[in-house]
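Asker: sequence first, then the predicted structure:
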Amino acid sequence: MELQCKVQNYDWGKLGLDSTVAKLLSSAHPDIAIDPSKAYAELWMGTHPNGPSMIIERGVLLSEYIKDNLDAIGPEVRKKFGVTVPFLFKILSIRKALSIQAHPKKEHAEELHKNFPDMYKDPNHKPELAIALTPFEALCGFRPLVEIQNFLKKLPEVANMLSKESIDNFLAQQEQGDSQIVLKPVFHSLMTSDKTVVASTLKALLERLEKEDVPTQSSLLYPLLKRLHNDFPGDVGCLSPYFMNYMLLNPGQAIFLKPNLPHAYLSGDCVECMACSDNVVRAGLTPKHIDVPTLVDMLDYSSYAQEQLLFNPQLEDCNSCVWRPPVPDFAVVRIKVESGDSYNTQNRSSPSLIIITSGQGEACDTEPVAAKPGVVIFLKASRQLTLTPAEGHHLEVYQAICNV
Ligand SMILES: [Zn+2]
């Protein structure tokens, strides 16, 4: 069943046909005009009330349809999650940074929702998986201690802004020091710095780095700092690349954002899947409220090398691979079918949301659908979709499923 999906025009999205979201939308629905000055940030596939998908041929919301068609969800998923699609599947096209954030784990989300229902609107966790479709920039997890120490030694402007006790203790740590213990006071000090002090520190730092030679500028992340500061002047989050890993993913590479892991998407296009929740604790690069006590307390202060943060898929067969995070809510499958070949998707006990990202041909469940980029299909549990590329073409699709 083909779906009509909601586009979100958040202002950080890529503009017009620069955006993969807009390209997919216009490919699947040529009648929709793309406005070159408008931001096409996200395509939402699923039943989330803020952007529910609709079954085109029936003119009903997918969320309504599944209530009357329990077989669509299947007994296993129903038992675990109820009559719902327990994940939200998205395409993101990012022009400027999204806020630095972390998401609480399940028990913590329940507690936050109970105590602060206005700020934390649901009791669910929100693990996320992002798979790059184009070169994709992100900040993710804290850096190895020695890297943060080096930055702080070379950036006295930043070090001087932090409490002397936290910074002295931090710089004295050996490489094997416990980052959970020594990094937290430094980060706390950073997040509670006076706003005017942060703004003047950023100003002083930018003025100095501007005069440095290019290799020094590059090693001290001046181009990134300048870019972030242009979009978020005076924001403490501009300093986060000195504390967090700056990752550049190639298409097909992925990161899994487990609970409490700080992250921010900076630019590029990706496929994203997440548990159904809006629980975000922000840490900068945002005009929105930052809940500093909750944030500082919950974060995962472990140091990660970049390789540890890359999340690799497993091969399922010659055509498909799956990113299977350690949560029951979702997994994402990528399927490639070459010209002259045909492929039946694997039989899953879960409902699927499937988007064609490139190629052309036919996708057949009970009725054939013309498969072209941007076409989104809902597949009931325990059904298989037959993918047949047109002559001389291939097909590439992403399929979100429950991880049960
Ligand atoms: Zn997130």
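Answerer: It's in. Residues are numbered from 1 along each chain as shown.
Asker: can you pull the contacts of the residue lying closest to residue 88 once chain neighbours are set aside?
Answerer: Once flanking residues are discounted, residue 88 sits nearest to residue 46: 4.5 Å by CB to CB, 6 or more residues apart in numbering. The C-beta positions use only the backbone N, C-alpha and C, and glycine is treated the same way. Contact analysis of residue 46 by CB atoms under 8 Å, 6 or more residues apart in numbering lists 52-53, 62, 85, 87-89, 276, 353.
Asker: could I have the buried ones of the residues you listed as ChimeraX selection syntax?
Answerer: Those of the contacts of residue 46 that count as buried under 16 or more other CB atoms under 10 Å are selected in ChimeraX with:
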select :52,53,62,85,87,88,89,276,353
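Asker: returning to that earlier point: and the residue nearest to residue 88, its phi and psi?
Answerer: Phi and psi for residue 46, reported as degrees, to the nearest 10, are phi 150, psi -160.
Asker: for the ion, see how far away it is.
Answerer: Using CB to the ion, to the nearest Å, residue 46 is found at 16 Å from the ion.
Asker: what does this protein have sitting close to the ion?
Answerer: 101, 128 (CB under 5 Å from the ion).
Asker: ok, longest strand in the chain?
Answerer: The longest strand of the chain (DSSP state E) is strand 263-275.
Asker: and whatever helix or strand comes next after that strand, what does it pack against?
Answerer: Counting by DSSP states H and E, the next helix or strand C-terminal to strand 263-275 is strand 281-284. Here strand 281-284 touches strand 100-102, helix 292-298, going by 3 or more CB pairs under 8 Å, 6 or more residues apart in numbering; DSSP states H and E.
Asker: out of those, which is the most enclosed?
Answerer: Highest mean neighbour count among the helices and strands packed on strand 281-284 (mean count of other CB atoms under 10 Å): strand 100-102, with a mean of 24.
Asker: residue 187 in helix, strand or coil?
Answerer: helix (DSSP: H, G, I helix; E, B strand; the rest coil).
Asker: who are the contact partners of the residue nearest to it when sequence neighbours are not counted?
Answerer: Counting by CB to CB, 6+ apart, residue 187 lies nearest to residue 296, which is 6.4 Å off, once chain neighbours are set aside. By CB under 8 Å, 6+ apart, residue 296 lies in contact with 184, 187-188, 191.
Asker: turn these into a markdown table, including pLDDT and neighbour count.
Answerer: Formatted as a markdown table, those follow (pLDDT from 0 to 100; neighbours: other CB atoms under 10 Å):
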| residue | pLDDT | neighbour count |
| --- | --- | --- |
| 184 | 93 | 16 |
| 187 | 93 | 22 |
| 188 | 93 | 19 |
| 191 | 92 | 18 |
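Asker: turn these into TSV, columns for distance to residue 35.
Answerer: TSV is the format used below for the contacts of residue 296 (distance: CB to CB, whole Å):
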residue	distance to residue 35
184	45
187	41
188	44
191	38
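Asker: contacting residues around the nearest residue to residue 22 once chain neighbours are set aside?
Answerer: Nearest residue to residue 22 in three dimensions, chain neighbours excluded: residue 40, at 3.9 Å (CB to CB, 6+ apart). Residue 40 sits next to 7, 9, 13-16, 19, 21-22, 25, 34, 93 when contact means CB under 8 Å, 6+ apart.
Asker: what segments of the stretch 51-200 of the chain are helices?
Answerer: All helices of the stretch 51-200 of the chain, identified by DSSP state H, counting those that start in this stretch, fall at 62-68, 75-81, 106-115, 145-154, 156-159, 164-171, 179-191, 195-211.
Asker: and residue 334, its phi and psi?
Answerer: Dihedral angles (degrees, to the nearest 10) for residue 334: phi -110, psi 130.
Asker: what about it, neighbour count?
Answerer: Residue 334: 20 surrounding residues under other CB atoms under 10 Å.
Asker: hang on, it packs against residue 397?
Answerer: Yes - between residue 334 and residue 397 there is a contact at 7.4 Å, judged by CB atoms under 8 Å.
Asker: bridged to the spatially most central residue of the chain, which residues?
Answerer: Nearest to the mean C-alpha position of the chain, counting by CA atoms, centre = their mean, stands residue 130 at 4.6 Å. Residue 130 has these beta-bridge partners by DSSP bridges: residue 255, residue 272.
Asker: low pLDDT regions in the protein?
Answerer: Flagging of the chain using pLDDT under 70 yields the residue ranges 175-177.
Asker: do that again at 90, thanks
Answerer: In the predicted model, the chain carries pLDDT under 90 at residues 49-50, 106, 109, 112, 116-126, 169, 172-182, 276-294, 366-367.
Asker: just say which of the helices of the stretch 51-200 of the chain is most tucked in.
Answerer: helix 179-191 (a mean of 19).
Asker: ok, and what's touching it?
Answerer: 142, 145, 148, 161-163, 165-167, 169-170, 173, 236, 239, 243, 283-284, 290, 292, 295-296, 299, 301-303.
Asker: if we can go back for a sec, nearest to the ion among the contacts of residue 46?
Answerer: Nearest to the ion among these: residue 88, at 11.8 Å, using CB to the ion.
Asker: the closest one reaches residue 44, doesn't it?
Answerer: Yes - using CB under 8 Å, residue 88 makes contact with residue 44 at a distance of 6.5 Å.
Asker: between those two, what contacts are shared?
Answerer: With CB under 8 Å, 6+ apart as the test, residue 88 and residue 44 reach no residue in common.
Asker: tell me which residues are up against stretch 104-123.
Answerer: 103, 124-126, 259-260, 276-279, 281, 289, 291, 294, 298.
Asker: beta partners of the residue nearest to residue 22?
Answerer: residue 14.
Asker: how near is it to residue 389?
Answerer: 27 Å (CB to CB, to the nearest Å).
Asker: quick one: the strands in the stretch 1-150 of the chain, in order.
Answerer: Taking DSSP state E, counting those that start in this stretch, the strands of the stretch 1-150 of the chain run over residues 2-4, 6-8, 14-15, 39-40, 42-45, 54-55, 60-61, 87-94, 100-102, 128-132, 136-142.
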